[in-house]
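[1] Task: produce atomic coordinates for the following.
(chains A and B, ligands or ions: 1)
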Amino acid sequence: MTALDFTARARTSLRDSQLRRNIAKATSTIRAKTARVAGELPDWEALRDAGQAIKRQTMAELDRHLVALEASVTAAGGVVHWARDAAEARTIIVGLARQYQAGSVIKIKSMTTDEVELNPALSAAGITPYETDLADMIVQMAKEKPSHLLVPAIHKNRAEIRDLFLRELDPAAIPGGRLDADPSSLAKAARAHLRAKFLSTKVAISGANFAIAETGSVVIVESEGNGRMCLTLPDVLISIMGVEKVLPKWEHLEVFLQLLPRSATGERMNPYTSVWTGNRAAEARAGDGPQVFHLVLLDNGRSKILADEVTRDTLNCIRCSRCLNVCPVYERAGGHAYDSMYQGPIGAIVTPQLRGFEEAGSLPFASTLCGACQEACPVRIPIPNILTHLRAKVVAEKRQGLGALNGENLAMQAAKAMFDHPTLLAMALAAGRIGQAPLVRDGRVTHLPPPLSGWSLSRDFPALPPESFRDWWAKREPRS
Amino acid sequence: MKISLFITCFNDALFPQTGQAVVNVLERLGCEVEFREAQTCCGQMHHNSGYQKEAIDLVRRFVEVFEGAEAIVVPSTSCTAMIRSQYPRLAKAAGGEALAARVEAIAPRVFEFSEFLIDRLGLEDVGAYYPHKVVYHSSCNSLRALKLGDRALRLLRNVKGLELVELARAEECCGFGGTFAVKNAETSTAMLTDKMRHVLDSGAEICTAGDNSCLMHIGGGLSRQQTGVRTVHLAEILASTDQAAS
Ligand code: SF4
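    Sure thing, here's the model as predicted:
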């Protein structure tokens, strides 16, 4: 396992001027839009409170709601599977696709299928997965990774997409082999390409935005309508969802159907909301809609996140991506720096919890703790607190055994010793004033030695002044 | 009113003039200022870097030093935020009710400098004179953790001779983030570059804030680029008057 090095990955993205421009432009547009439509609702803050409260209550009794969901889905004719981890989820879904003799499957945008690395497993089993969300299709064709929760191809501009389509699309989708880079021409070509898949593929795989325990209904919210095609045309529908996606009651949906589109795309309402309950309705209209429905409930580390009181709120995320769009680090480092289908602030807390600190321990440090994410999050997830909590866990893990000898730990211990003993602090400052002499020019330090050299990459450091505040105070005339 | 100054370790060592300015303003306004010499650091650096155990020790130290103080004034938005938002959580994590109760007793008496002037003393005009063109950077902690709103701006608007100009994208972080600036130096620099661009575009000669950590970061960049724009803590602006220094 190679450790995920956020710093190095960000360094690469920072130098890509096309990428920087694409992301800055897209996030600033979407920021303005979401701020406008969130701000226009008089009860927006109350909706956020409600969203947070419903999620917290649900997590407090998650086991009960999941059992209820299983019962409702089963009663409505669906088949429920439980997957402890990614490997189990892959085995279940590949097994089902085989059982229905699928040579290919169509897929609706789903981060959970990426999380369990389903596509490579399907390909290895000789089953071709076709992503049908436009941006996901682009990322898949370009053999890249998503760089944004909701706009996975945010790093690409129209000219780049045009070149890709000319190379990869079914030639029948581009009459005459001529393609313009305007949005409607690109969409037209993609539609022609995808229609053929929708009409000929028998098995669809989806994620889920919500699932209602009391009714067994599964909900998908989308903008393009390609998801709706996948949900209605094939004979077999397999949906996978993280266990945290359950909502106890139908009435809870009202809150999230307002919070999600306004936070995600800045739409008052998303164009397509699909809800289905088992397969009974489809059976009654034989041939209309999937006759078979499977629901895979995935844990994959979520019960561990739930068990920790501080990290628990991580599970409240509705994957709206607003925290990415407001994050100054994401805007500059880009989504690929997070090396995950979950990027930005939410990625910085989710990925290390899913993959472990040894692999993803650099992510909780990929933040200035500025708090823009928490301020924007529709369900008020305290991301900065979770980040510092995870940092403490990373440090605790590192400090075991010989790890305690790492430079940062030694420096932190030295600082702590000074803060415990003000006289030591005074002595260190006195020594520093002498020691800094060779580094100081015009009252500033322009080059710091490692490990502080990162600072002097772009910033001067003030020289230690001749006396500290406490020196000055001690010399002051006593006031009456 | 007797005020206990929490200078913060950072200001103590690197920016003593900020502490002197705070003392100056408060005494000018008729307050009595004390300095408890056993004080050191609020624990923010350790806490934010993942050294929770050490941070908890420093919470304990802070509580021991400042227990019984009538009002504690802090010329740092991030240290105030540390005390107000993180101390209760850390005390809880430390286990035992005793520390949590002591934190709860002390936290409401801790004030960020501009907050103290406006909310406790009820003043927006502190009689300052500062004939310069100034832009104000609202630190993330001032904006989001402490929700100080426009308090600093109200104080600045009442400074005679001062021309206050607007900062574009004022709500965005300058990219400091403590060890972030060192660990993720390139990303931090990219954020700083944009912040500096907005500061320079404002046409100000001085950039001010309620926190010397942001100012050391922004100022360090402005200095490296030879921009001629410098950074000055809000307290130093408010300490300046049209009288010759006594
Ligand atoms: S953490 Fe909050 S803002 Fe970020 S994606 Fe999840 S719900 Fe949206």
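[2] Neighbours of the closest residue to chain B within the stretch 301-450 of chain A, how many?
    Nearest residue of the stretch 301-450 of chain A to chain B: A:Thr368, at 2.7 Å (CB to the nearest CB). Just so you know, the C-beta spots here come from the backbone N, C-alpha and C atoms, and that holds for glycine as well. For A:Thr368, the neighbour count with other CB atoms under 10 Å in any protein chain shown is 26.
[3] With the ligand as the reference, measure out to it.
    Note on A:Thr368: its distance to the ligand, by CB to the nearest ligand atom, to the nearest Å, is 17 Å.
[4] And the closest residue to that residue other than its chain neighbours, how far from A:Arg167?
    Closest residue to A:Thr368 apart from its sequence neighbours, by CB to CB, 6 or more residues apart in numbering or on different chains: B:Gly177 at 2.7 Å. Taking CB to CB, to the nearest Å as the measure, B:Gly177 falls 41 Å from A:Arg167.
[5] Comparing the two, which shows the higher neighbour count?
    Between B:Gly177 and A:Arg167, B:Gly177 has the larger neighbour count (other CB under 10 Å), namely 26 against 9.
[6] Using the three-state scheme, assign the more buried one.
    Under DSSP: H, G, I helix; E, B strand; the rest coil, B:Gly177 falls in the coil class.
[7] show me the contacts for it.
    B:Gly177 makes contact with A:Ser367, A:Thr368, A:Leu369, A:Cys370, B:Asn48, B:Ser188, according to CB atoms under 8 Å, 6 or more residues apart in numbering or on different chains.
[8] try 7 Å
    A:Ser367, A:Thr368, A:Leu369, B:Ser188 (CB atoms under 7 Å, 6 or more residues apart in numbering or on different chains).
[9] Those residues: which two are farthest apart?
    A:Leu369 and B:Ser188 (12.5 Å; CB to CB).
[10] neighbour count winner among the two?
    Shown here are A:Leu369 and B:Ser188; by other CB under 10 Å, B:Ser188 has more neighbours (30 against 24).
[11] That one and A:Pro451: what is the separation?
    The value you get for B:Ser188 to A:Pro451, if CB to CB is used, is 14 Å.
[12] picking up where we left off before, hang on, the residue of the stretch 301-450 of chain A closest to chain B is in a strand, isn't it?
    No - assignment of A:Thr368 by three-state DSSP gives coil, placing it outside any strand.
[13] Could I get the buried residue list for whichever strand or helix holds B:Glu54?
    Secondary structure from DSSP states H and E places B:Glu54 in helix B:52-66. Neighbour-count burial for helix B:52-66, counted by 16 or more other CB atoms under 10 Å in any protein chain shown, picks out B:52, B:54-63, B:65-66.
[14] Could you do stretch A:263-271 as well?
    Across stretch A:263-271, burial judged by 16+ other CB under 10 Å covers A:Ser263, A:Ala264, A:Thr265, A:Gly266, A:Asn270.
[15] Closest to B:Val110 out of those residues?
    A:Ser263 (33.8 Å).
[16] Correct me if wrong: the closest one contacts A:Ala35.
    No - A:Ser263 is beyond contact range of A:Ala35, at 10.1 Å (criterion: CB atoms under 7 Å).
[17] Where does chain B get nearest to chain A, residue-wise?
    In chain B, the residue that lies nearest chain A is B:Gly177 (2.7 Å; CB to the nearest CB).
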